[in-house]
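Trainee: below is the sequence, then the predicted model.
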Amino acid sequence: MFIAYGLGALAALVSARKSLGRGLVALGAIAGAGAGLALGATVIVTGVPFTLFVPELLPLGGGLALRLDSLGAFFLVVIGVGAIPAALYGAGYTAVYEDGRASLRLLGMMFNLFLLTMSLVTLADNVLTFLLMWEGMSLTSFFLVMTEAGEERTRNAGLWYIGMTHAGLVMLLAAFLLLTGGTGSGAFADLRSIAPSLTPAVRDIVFLLAFLGFGSKAGIVPLHVWLPRAHPAAPSHVSALMSGVMIKMGVYGLLRLTLDLLGGGPAWWGGLVLAVGVVSALLGVLYALMEHDLKRLLAFHSVENIGIILIGIGAGLMFHRYGLMPLAALGFIGGLYHVLNHATFKGLLFLGAGSVLHATHTCNMEEMGGLIKRMPWTALFFLIGAAAISALPPLNGFASEWLVFQSLLGGVNIPVPEVVVVMPVAVGLLALTSGLAAACFVKAFGITFLALPRSSEAAHAHESPFSMQCGMGLLAVACIGLGVAPFAVVPVLGGILAGLGGLPDTRAEFTYSVFLQTPGVFGQMSPTLLALGLLFLLGVVPSVMWLLRLNYRRRLSDSWGCGRVGQTARMEYTATAFAEPLKRVFAEIYRPMRELTVDFHPGSKYFVQSIEYRSEITPWFDQSLYRPFLESATFVAQQVRRLQAGSLHLYLLYIAVVLTLLLVVARWF
Amino acid sequence: MEYVLEVSQAVFALALAPLVVGFVRWLKARMQNRRGAPPWQPYFELVKLFGKEVVVSQQASWLFRCVPYIVFASTLTVTFLVPFFFVPGPLDRVGDLLAVVYLLLLGTFFLALAGLDPGTAFGGMGSSREMTVAAIAEPTIAVAIFSLALGAGSTNLGRIVTQALGNPATAISPGHLLAFAALFIVALAETGRLPVDNPATHLELTMIHEAMILEYSGRYLALIEWAAALKFMIFLALLANLFVPWGVATDITPVALAVALIALLLKLGLLSLLIAIIETRVAKLRLFRVPELLGVSFVLALLAVTSSFLLR
């Protein structure tokens, strides 16, 4: 794995011919991801952890310690599943950078290093290794976001991203510092034994810090602000990886720390994770609905899906506290399953959006339309991804959302009435989220791919190259496969969780049966048979119609336009219009700004010269949460600027003063 | 034998669905002092539509031609999961209430896409409104399911019916009644009935469902109309059998099945009457008042869960 990624990175640096270099970069990444996938799968199947300890490297922090247990292995598999298609796609996609807009060498090297450090995060077995790899992952992805650094928007996005990720790193540093409790040993095994002896207050603080730190990477509301900025700026295959895979490292860290190292905690931990999950899911999808930039829309959906994952994990943590172990396992399984599913369908959707961007040179949905005729394969793959993310059976989003729903329904078993009464609200809001997601993807697919093209770019779009189609095709197959075969996934996930924080082995409950069921048989269903039934009926209905010899004549004609002849794209419904009813329904949350300017004829106000309508939605947490902070930071920076006068004499004075002060301090203490 | 019954249940529902729609129309006409078309009129309409040629928009893509089959097949799949007059069906384990809801959402999703495909303003308008109503109806359904599942200890339809049959007191518990009211409102919204949508009009400003399928004709329209009737029938059967399960056969004897059939027809008739009365008495709501109605239904569903938990 290391060798493959290393070679991939090296190939990017040295390759003379650009197309060969792109191929080698992809090959290195695919080989590395494949090796990671194989390693992860081996660990999951055999259950034997893989360990590698190199004390000579990083001698201060206890050496470079790598250990892959089943939880890490699962996330390594997720990386592999997301990275192989993305790398394949990238081989074709990066051809647009051959004009010198961005450095292909930097992009190729960082792409491989990003995958390598991200894989090592799942393997890290002590604090220093973990944090180093974490930072490596953040920095390499920062360079990937900055690929098109020539654009103002990209630089702005990079600034937000690096700021948020480092704020998160500070939280993590503090959390781990508290957790080591001054013993000096950062090995995860030692932390596990120390954790129970910590006071509850310290444990609470560690949890909160870690939740904020990992949450800033995962993109929970209100720490998600970098997602809708960074994802559209990055090249599409990188967005697919960042959104599909990297933000899941936040989930991994949260699980590792709370469940494995701390061994679970009080019920409010789970409650907090659940509540934040619900808020993230709902706000994520609501803002996605109002977004007409395809990639920003997808970025907001990542916030939504992280929310759904956290709902499962939060429910799991609560059940864990109340000793309802099979239900806890159900919640965690739902969350982890959604992690894997989101990696496939969100990866697929970002790659699809990339193909559209590749063909039309825009991400604005209002300028698209009719692409289904010019890009049939991309359209089909995007449709599969859209149906999967909307949790429609029999695709994979449905299977994992069903598990999350069932775990929430299991909430009635919690012995505390106050908690139980709140559970239905979570159920309702999760259902609202999935309904709104379906509405949003009708908009995203319908406006982008259907009807007439709204611009000449869209009218002259072309299908993307074969390597890009392959990347999307792989993920589309994964979406269908994971959807119809949950019976093969759920028991494996049960096995992964066995033993973590005292969770029992649930492989007896979640057997390899075609029927997916919850512990205690609260609900049962089988996506496999549903899919078969749907397919069967899809075949039967037309055959019966054929047997009955119905009228099969078909005539092509114009769409009905109230008697108007000659349809143009201006008559079509736009994305803004599509989302308008929901904007009005949730006006309290959006607080939209409207501006209507009407220019009348000077003679009479019954003659209108021009009408200008502007409507804008600025997320209020951007306004109320970040603006004061940014303003004060800018203010402080302005003050500090006075120190830097550019005069050498002044700097010499500073040095002298500081030196004297240091000497005095050293003398006293 | 059980499988034969399961299939015959679905075929029965498929065959009866147009009649139920026609019956509601006929009742409505009578209440409004009109003579009205006979209840079996929808069958003639289906036959007529199946016999006509199809006119397809030049702007539409292949998706437009696939959608009627997808909608029909997904609705028909649901029919196999719903207990009409016999529990527990052998296919009960294949899908629970959540699966039923999401399968119906699958149909709505594709129908909304088909509305956008021909590129007319009407289609887009219908799609937008339909998805809005579907999305905000979703929480009520989920919470009502929660409430039902709480009583029965399962989300599977067969189990819910058997549990309620074994314990008749639950059927008149406050939680059950509140959940019934909540689900009834949602059923009106989901099947495009007054006061949410008016199934009898083609007036552009008020259309939801009809605007979305405006471009369809011939056999495609027939499939969509039939699927819509089937969806209506499914919602009525769910309301009838989940909340008032008496009469549903639990063992396969001719007598029990005959009783179940008569009970089902009676319950469907009563619900049709209720809907006809409502459609005669209330006016259509403004589109932006619909969320308030669905908000009410959500609160009812929440109260249902709370009371069925506290009174458990």
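Mentor: Thanks, I have it.

Trainee: low-confidence stretches in the stretch 151-300 of chain A?
Mentor: Applying pLDDT under 70 to the stretch 151-300 of chain A flags residues A:182-184.

Trainee: tell me the mean pLDDT for stretch B:118-135?
Mentor: Mean per-residue pLDDT for stretch B:118-135: 88.

Trainee: now do stretch B:1-14
Mentor: 85.

Trainee: stretch A:66-85 now?
Mentor: 88.

Trainee: state the pLDDT value of A:Glu509.
Mentor: 65.

Trainee: count the neighbours of residue 22 for me.
Mentor: Answering for chain A, as no chain was given. By the measure other C-beta atoms under 10 Å in any protein chain shown, the count of residues near A:Arg22 is 25. For every residue, glycine as well, the C-beta is placed using N, CA and C.

Trainee: that's the wrong chain, I wanted chain B
Mentor: 22.

Trainee: and it, what does it touch?
Mentor: B:Ala37, B:Pro38, B:Pro39, B:Trp40, B:Gln41, B:Pro42, B:Tyr43 (C-beta atoms under 8 Å, 6 or more residues apart in numbering or on different chains).

Trainee: wait, the first one touches B:Leu27, no?
Mentor: No - under the criterion of C-beta atoms under 8 Å, B:Ala37 is not in contact with B:Leu27, lying 11.8 Å apart.

Trainee: give me the residue from the stretch 451-600 of chain A nearest chain B.
Mentor: Nearest to chain B, among the residues of the stretch 451-600 of chain A, is A:Tyr573, at 2.2 Å (C-beta to the nearest C-beta).

Trainee: ok, now which ones touch the residue nearest to that residue when sequence neighbours are not counted?
Mentor: Closest residue to A:Tyr573 apart from its sequence neighbours, by C-beta to C-beta, 6 or more residues apart in numbering or on different chains: B:Gly124 at 2.2 Å. For B:Gly124, the contact set (C-beta under 8 Å, 6+ apart) comprises A:Gly446, A:Glu572, A:Tyr573, A:Ala577, A:Phe578, B:Gly115, B:Leu116.

Trainee: which of the residues you listed tops the neighbour count?
Mentor: Result: B:Gly115 is most packed of the contacts of B:Gly124 (other C-beta under 10 Å), 32 neighbours.

Trainee: next, find the distance separating that one from B:Leu214.
Mentor: 8 Å (C-beta to C-beta, to the nearest Å).

Trainee: overlap in contacts, the two.
Mentor: With C-beta under 8 Å, 6+ apart as the test, B:Gly115 and B:Leu214 both reach B:Gly123, B:Gly126.

Trainee: that's a helix at the residue of the stretch 451-600 of chain A closest to chain B, yeah?
Mentor: No - A:Tyr573 is assigned coil when assessed by DSSP: H, G, I helix; E, B strand; the rest coil, not a helix.

Trainee: centre-most residue in chain A?
Mentor: In chain A, the centroid-proximal residue (C-alpha atoms, centre = their mean) is A:Ser243; its distance is 3.4 Å.

Trainee: now do the SS call for A:Gly150.
Mentor: Quick answer, by three-state DSSP: A:Gly150 is coil.

Trainee: wait, A:Asp204 touches A:Gly265, no?
Mentor: Yes - at 7.5 Å, A:Asp204 counts as touching A:Gly265 under the criterion of C-beta under 8 Å.

Trainee: which one's more surrounded, the two?
Mentor: Between A:Asp204 and A:Gly265, counting by other C-beta under 10 Å, A:Gly265 is the more crowded of the two (20 against 15).

Trainee: tell me how many other residues surround residue 283.
Mentor: Let's take chain A. 22.

Trainee: my bad, chain B
Mentor: If we define neighbours as other C-beta under 10 Å, then B:Ala283 has 8 of them.
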